[in-house]
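Asker: requesting a structural model of the entry that follows:
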Amino acid sequence: MANPADAIKEIMRLHAAGRFAEMEARARRLAKMAGAKPIADELLGIALCAQNRFADALAPLQSAARGVPGDPQFLENLALCQRHLGDLAAAEQSLRASLNLRPSAAETRAALASVLHTLGRLDDAETQLRAALTLQPRKAAFHFNLGNVLGDAGRHREAEASFRAAIALDPGDVSARANLGLLLADLGRLNEAEEIACETLERIGPTDDAAPASVRDVADVAAGVLARAGQSGAAARTYRATGGYRRSPVRLLGAYSAARRACDWDFCATMEAILRKVGPEFWQAEPGSPFALLMMASASAEEQLVCARSYSAQFCAMPAVTPARRAEPDRRLRIGYLSGDFRDHAITHLVAGTIEAHDRSRFEIIAYDCTPPGDDAYRRRIKAAFDAFVPIHELSNRAAAQRIADDGCDVVIDLQGWTAGTRGALLAARPAHVQVQWLGYPGTLGAPWIDYVVADRVLVEPGEERFFSEKVIRLPGTYQCTDNRRPLAPARPRADYALPDDAFVFCSFNQPFKIIPELFEVWMRLLKAVDGSVLWLIERNADATSALQRRAGDLGVDAGRIVFAPWVSNADHLARIATADLSLDCYPYGSHTTASDSLWAGVPLIALKGSSFVSRVSASILEAAGFGDMTATSLDRYFELACGLARDAAAMQSLKTRVAQCRSSALFDTAGFTRGLEAALVAAITRHRDGLAPDHIDVGREPSA
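Answerer: As a prediction, the model looks like this:
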């Protein structure tokens with residue numbers, strides 16, 4: 001075909017027909033015709049991009065843009081290729097050059113906003129999207145993208161309005177529905193979130209391999225919403241159907257978390273097998289929350305750190321704020337606590353006593369509260385415990401960071417880490433001189449804006465500091481605070497809890513996601529070895545309950561010997577624990593609050609200590625309580641300890657007597673613990689004031705005041 005114009009028309013027909021390999025061949029032939037070089041390069045680049053060969057496409061697209069510098073479309077195609085290659089700075093440059101040629105191009109502004117969003121420059125992304133909406137106010141996709149930007153900025157109410165605007169303009173937009181559901185879950189509006197997720201999946205229809213990849217991606221988002229709303233089984237089934245877990249760390253981590261909560265251990269095994277075959281680069285593909293890795297026995301400390309660093313990197317571009325100076329040299333140190341769990345929640349159950357016990361002659365204690373709206377006795381108590389209780393739930397991340405900075409906090413402590421509902425990313429703005437993570441997340445956050453992680457000598461052994469992006473504070477005793485003001489109501493008769501009066505009762509009140517099949521098999525061996533014994537577990541969702549009952553039957557144990565306890569208030573829960581005989585730890589995500597609850601209620605615990613922070617908390621707690629001999633480091637030893645005690649009534653009674661006396665141990669010395677924490681915070685602040693970089697801190701126990 002000698003005529004370049006005819007050749008170009010033929011190439012475009014091939015493009016429209018999706019025949020990209022033939023398009024590539026024709027474009028290469030076109031390049032040999034006189035005067036056709038720039039357009040031939042452009043068409044070749046487009047053909048290569050369509051085949052996902054972006055590295056090959058870059059050179060011809062660059063050549064085309066240089067050859068026709070006045071064509072904005074050439075620059076936009078180049079930017080698309082650069083973005084796929086991860087060169088976001090170059091993509092931004094190409095899109096801005098295109099806008100210089102065509103300022104009224106709304107789609108180009110939206111594309112630039114997408115690049116800026118990925119770079120974490122949320123304010124700039126919002127500016128471009130609002131400019132695009134000025135040009136095309138009824139473009140649903142622009143409202144959807146603005147909702148994503150505002151949501152990431154913590155401006156949740158505005159984000160909700162944007163998603164709803166997108167849905168109103170395009171009722172069939174399942175992406176906007178799914179992301180609205182995710183936002184509502186973040187706001188704690190779980191019933192609404194679940195309803196929208198179910199509606200989204202109903203609109204999508206079947207999500208197997210035959211469905212388009214974009215549809216399966218939306219289904220995965222909806223599955224994540226279902227998991228947040230407590231529908232773990234439905235979420236796991238959706239994740240399994242879409243297959244997104246095979247190619248995406250975000251989808252895999254979401255699917256793994258849902259499957260663990262539903263006790264779908266076969267699906268978990270499939271995903272763990274995938275992870276055994278990938279390298280560190282897998283975690284760089286996109287930022288996935290590292291929390292699910294804490295549940296995975298096969299995940300190494302290196303993987304946890306790499307994943308956490310990848311996840312935190314998306315927030316690093318947040319503009320910094322400057323903490324206010326407070327001139328008085330002898331002023332009290334101002335300590336801020338950041339959390340969305342200031343309510344009837346395990347974190348508040350633990351920390352309330354410490355907040356009350358802080359030495360007010362030396363410290364001023366402020367709460368930065370992003371808890372969803374609600375009211376309960378624990379929330380009222382924790383609000384009263386702080387010197388100031390600052391609500392930031394309705395503030396954007398930037399505004400919340402500015403408020404903390406304006407308050408001139410010496411230290412801010414993140415009590416959530418990468419757990420559900422976190423707003424910890426706002427600390428990327430560096431609003432406090434010293435920033436610490438403690439209690440809520442049992443591992444490294446991988447966040448360069450967090451200076452210290454609070455631990456102890458059991459949790460992080462010498463030489464393991466390299467697995468943490470933070471410097472390690474080691475407290476005396478255990479890192480876990482407790483509240484020795486919690487009352488213990490008298491236990492009711494066993495019959496009230498559907499427990500047999502004369503049975504030996506093993507219990508594990510950990511959430512189902514903490515149970516792995518190898519551990520459950522040991523529990524079933526215990527039931528077989530101890531005649532008439534029962535296992536008392538917590539019931540969180542029907543899928544997990546059914547799965548555990550089926551697995552018990554498969555292992556030759558009558559499922560009726562597993563008694564499931566409903567979720568009740570903390571006071572009622574503490575009372576009922578006392579009717580059990582022996583608490584059993586989980587692995588690798590061990591008993592945390594559950595461990596200290598058990599000891600406070602007078603029930604012994606057998607811990608299973610592993611090689612990670614998350615698997616050593618129960619061992620740390622037992623050590624502080626004086627029960628280091630109750631820690632096992634293998635499943636065989638774990639079984640021997642539990643079985644031996646269950647068969648030896650005298651040994652069991654002696655142990656219970658010891659446990660009843662442990663309320664006077666270091667574990668439950670709330671004031672003494674608080675002095676140790678305060679000593680660590682003073683050491684960290686002193687280093688900062690002396691111009692020294694953060695470094696590891698080891699605190700010796702100070703006597704109670």
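Asker: what about the helices in the stretch 401-550 of the chain?
Answerer: Remark: helices assigned in the stretch 401-550 of the chain by DSSP state H, counting those that start in this stretch are 517-529, 542-554.
Asker: with distance to residue 57, mean neighbour count and mean pLDDT as new columns, can those be given to me in a markdown table?
Answerer: In short, each C-beta sits where N, CA and C put it, glycine included. Converted to a markdown table, the helices of the stretch 401-550 of the chain look like this (distance: least, Cβ to Cβ, whole Å; neighbours: other Cβ atoms under 10 Å; pLDDT from 0 to 100):
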| stretch | distance to residue 57 | mean neighbour count | mean pLDDT |
| --- | --- | --- | --- |
| helix 517-529 | 47 | 18 | 98 |
| helix 542-554 | 45 | 17 | 97 |
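Asker: residue 38 is nearest to which of those helices?
Answerer: Comparison of those against residue 38 by Cβ to Cβ identifies helix 542-554 as nearest, at 58.7 Å.
Asker: in its sheet, what does the following helix or strand past the closest one sit against?
Answerer: Going down the chain from helix 542-554, the next helix or strand is strand 562-565, by DSSP states H and E. With DSSP bridges as the test, strand 562-565 is paired with strand 534-538 (parallel).
Asker: show residues contacting the strand it pairs with.
Answerer: Contacts with strand 534-538, where a contact means Cβ atoms under 8 Å, 6 or more residues apart in numbering, come from 497, 499-500, 503-512, 523, 526-527, 548, 561-565, 567, 580.
Asker: and these, which of them are buried?
Answerer: 497, 499, 503-512, 523, 526-527, 548, 561-563, 565, 580 (16 or more other Cβ atoms under 10 Å).
Asker: out of the helices of the stretch 401-550 of the chain, which is closest to residue 241?
Answerer: Taking Cβ to Cβ as the criterion, residue 241 comes closest to helix 542-554 out of these, the separation being 15.4 Å.
Asker: just the helices in the stretch 51-200 of the chain please.
Answerer: 54-67, 72-84, 88-101, 106-118, 122-135, 140-152, 156-169, 174-186, 190-204.
Asker: could I get these as JSON lines with mean neighbour count, distance to residue 223 and mean pLDDT?
Answerer: Below are the helices of the stretch 51-200 of the chain laid out as JSON lines (neighbours: other Cβ atoms under 10 Å; distance: least, Cβ to Cβ, whole Å; pLDDT from 0 to 100):
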{"stretch": "helix 54-67", "mean neighbour count": "20", "distance to residue 223": "29", "mean pLDDT": "94"}
{"stretch": "helix 72-84", "mean neighbour count": "23", "distance to residue 223": "26", "mean pLDDT": "95"}
{"stretch": "helix 88-101", "mean neighbour count": "19", "distance to residue 223": "28", "mean pLDDT": "96"}
{"stretch": "helix 106-118", "mean neighbour count": "22", "distance to residue 223": "23", "mean pLDDT": "96"}
{"stretch": "helix 122-135", "mean neighbour count": "20", "distance to residue 223": "26", "mean pLDDT": "97"}
{"stretch": "helix 140-152", "mean neighbour count": "23", "distance to residue 223": "18", "mean pLDDT": "96"}
{"stretch": "helix 156-169", "mean neighbour count": "19", "distance to residue 223": "18", "mean pLDDT": "97"}
{"stretch": "helix 174-186", "mean neighbour count": "25", "distance to residue 223": "9", "mean pLDDT": "95"}
{"stretch": "helix 190-204", "mean neighbour count": "19", "distance to residue 223": "8", "mean pLDDT": "96"}
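Asker: between the ones you listed, which gets nearest to residue 490?
Answerer: helix 190-204 (33.8 Å).
Asker: so how far is the helix or strand containing residue 644 off the chain centroid?
Answerer: Using DSSP H and E, residue 644 sits in helix 635-647. Distance of helix 635-647 from the chain centroid (Cα atoms, centre = their mean, to the nearest Å) equals 34 Å.
Asker: can you give me the angle the helix or strand following that helix makes with helix 635-647?
Answerer: With elements assigned by DSSP H and E, the helix or strand that comes after helix 635-647 is helix 649-660. Helix 649-660 and helix 635-647 are oriented at 100 degrees to each other (axes from the mean of the first three to the mean of the last three Cα atoms, to 10 degrees).
Asker: list the buried ones in helix 649-660?
Answerer: By neighbour count on 16+ other Cβ under 10 Å, the buried set for helix 649-660 is 652, 655, 656, 659.
Asker: those strands in this protein, which residues are they?
Answerer: Here the chain has its strands, by DSSP state E, at 333-339, 363-369, 388-391, 411-414, 434-437, 452-456, 471-475, 505-508, 534-538, 562-565, 582-584, 605-608, 631-632, 697-698.
Asker: noted, bye for now.
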